[in-house]
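# Got a predicted model here, sequence first, then my questions.
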Amino acid sequence: MKSRSPAAGELLGLQPNGSPIAGPRRHVLDLDDFTTSEIRNVLESAKGMSEVLGRDIKKVPALRGRVIVTLFYEASTRTRISFEEAGKVLSADVINMSSSGSSTEKGESLLNTGLTIQAMGVDVIVIRHPHSGAPYLLARCLDRVGIINAGDGIHAHPTQALLDLYTVNEKFGTLEGLKLVIVGDVMHSRVARSNIWGFARMGARVVLCGPSTLLPLDMLQGREKLGHDHPLASVEVDTDLDRAIEGADIVMALRLQSERQNAGFLPSLREYIRRWQVNDARLGRARDGALVMHPGPMNEGIEISSSIAHGDRAVIEQQVTNGVAVRMALLYHLSGVQPSAPELGDTVKDHSDGR
């Protein structure tokens, strides 16, 4: 009998109607195809991984024998190192690869690079690429490798959004009903786009704020036709930060993505600082105990004041710490081995004593 070639949706882990296929997820490309139960599953698994990271011996054999390649076509500190640490704590073999020094410099295409890596028996490719859609290309064309999107152009950064969700959930014990204000260069921010999907899907109230020239109005147009149960239907837009931040539970400041902008989006940095910087005066309008987040790297004194960036309300360092646990959880789930967190803890005890 002639074998049937899988449809593109199947390769992306989707059913024909666009909903996720039941069972282990093959790829993590963005959060728009994650169900609320899948997100909760990742967050719950990350709790077990966080417990592992708190031990004196940070090592479990869960992914022993698995090979992970981090394929980065853009510079990165936090994401790359956290994925490498996540893989090594789980006992996987992690190979770091960048476009510099690889066959890319000789003109090799992304697809051929992916096919070459797959032919070497790699299990997971973690890719960051300056062009939106690059991880989807690999997911569609590689049939034996899991793909994790570590940031593609201005499109998506799902693992950052998941660690943000985890950080907020750890602080508040819930995500539903919280007010999240994302302020800054939303248009060019892949972090913002994934966070919009993630927080809205989990029942948070999402408000986007910034100069009108830096808000993704195209993405938000026609929301009234989506239906009241669609995550994006509830997203709000406000260009006045003093008004938007009123009663906020979480304020997420974004860096101005100058490397992805053309000229003409802002009159001046001075004007941006005056109207949209997250500072002490503005944060006073938020709720008591409101969290301040930033995906990094920060431009202190521009999108966020130094006093806020290093103040008591900031959870920016916790975001970085939680990034390792969340990425451990994702690598663990993509491996197809998915015991519960208590079983993971038992595994840790069995293999850590005396080592």
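In hand now; what should we look at?
# Could you list the low-confidence segments of this structure?
Scanning the chain for pLDDT under 70 picks out 1-24, 100-106, 218-228, 258-264, 336-355.
# so how far is stretch 56-63 off the chain centroid?
24 Å (Cα atoms, centre = their mean, to the nearest Å).
# list the buried ones in it?
For stretch 56-63, burial by neighbour count (16 or more other Cβ atoms under 10 Å) applies to 60, 62-63. The C-beta positions use only the backbone N, C-alpha and C, and glycine is treated the same way.
# Please apply the same query to stretch 65-84.
So stretch 65-84, judged by 16+ other Cβ under 10 Å, has buried residues 66-74, 76, 78-80, 82-84.
# how about the strands of the stretch 201-350 of the chain, start to end?
Residue ranges of the strands in the stretch 201-350 of the chain, as given by DSSP state E, counting those that start in this stretch, are 205-209, 236-238, 250-253, 291-293.
# Please disregard the earlier target; I meant the stretch 51-200 of the chain.
Per DSSP E, counting those that start in this stretch, the stretch 51-200 of the chain carries strands over the ranges 67-72, 93-98, 124-129, 146-152, 179-183.
# The last one pairs with which strands?
This points to strand 179-183. strand 205-209 (parallel), strand 250-253 (parallel) (DSSP bridges).
# closest to Ala139 out of these?
For Ala139, the closest of the strands paired with strand 179-183 is strand 205-209, at 26.7 Å, according to Cβ to Cβ.
# So what touches that closest one?
Outside strand 205-209, the residues that touch it by Cβ atoms under 8 Å, 6 or more residues apart in numbering are 177-183, 186, 192, 195-196, 199-200, 215-216, 220, 234-241, 244-245, 248, 276.
# Can you select the buried ones from those in ChimeraX?
Selection of buried members from those for ChimeraX, criterion 16+ other Cβ under 10 Å:
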select :178,179,180,181,182,183,186,192,195,196,199,200,215,216,220,234,235,237,238,239,241,244,245,248,276
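# Among the contacts of strand 205-209, name the ones in helices.
192, 195-196, 199-200, 220, 241, 244, 276 (DSSP state H).
# Output the strands of the stretch 201-350 of the chain in JSON lines; the columns should cover distance to Arg285.
Formatted as JSON lines, the strands of the stretch 201-350 of the chain follow (distance: least, Cβ to Cβ, whole Å):
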{"stretch": "strand 205-209", "distance to Arg285": "12"}
{"stretch": "strand 236-238", "distance to Arg285": "13"}
{"stretch": "strand 250-253", "distance to Arg285": "10"}
{"stretch": "strand 291-293", "distance to Arg285": "13"}
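# Same question for the helix or strand where Met49 lies: list its buried residues.
Under the criterion of DSSP states H and E, Met49 resides in helix 36-53. Judged by neighbour count using 16+ other Cβ under 10 Å, the buried positions of helix 36-53 are 38-39, 41-43, 45-46, 48-50, 52-53.
# Now it - C-alpha only, PDB.
Extracted C-alpha coordinates of helix 36-53, given in PDB (Å, rounded to 0.1, in the frame of the first residue of the first chain):
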ATOM      1  CA  THR A  36      -5.200  26.400  27.700                       C
ATOM      2  CA  SER A  37      -4.700  22.800  28.900                       C
ATOM      3  CA  GLU A  38      -1.400  22.500  27.000                       C
ATOM      4  CA  ILE A  39      -0.200  25.800  28.500                       C
ATOM      5  CA  ARG A  40      -1.200  24.700  32.000                       C
ATOM      6  CA  ASN A  41       0.700  21.400  31.400                       C
ATOM      7  CA  VAL A  42       3.900  23.200  30.500                       C
ATOM      8  CA  LEU A  43       3.600  25.500  33.500                       C
ATOM      9  CA  GLU A  44       3.000  22.500  35.800                       C
ATOM     10  CA  SER A  45       6.000  20.600  34.400                       C
ATOM     11  CA  ALA A  46       8.100  23.700  34.800                       C
ATOM     12  CA  LYS A  47       7.400  23.600  38.600                       C
ATOM     13  CA  GLY A  48       9.100  20.200  38.700                       C
ATOM     14  CA  MET A  49      12.000  21.400  36.600                       C
ATOM     15  CA  SER A  50      12.400  24.400  38.900                       C
ATOM     16  CA  GLU A  51      12.700  22.000  41.800                       C
ATOM     17  CA  VAL A  52      15.500  20.200  40.000                       C
ATOM     18  CA  LEU A  53      17.300  23.500  39.400                       C
END
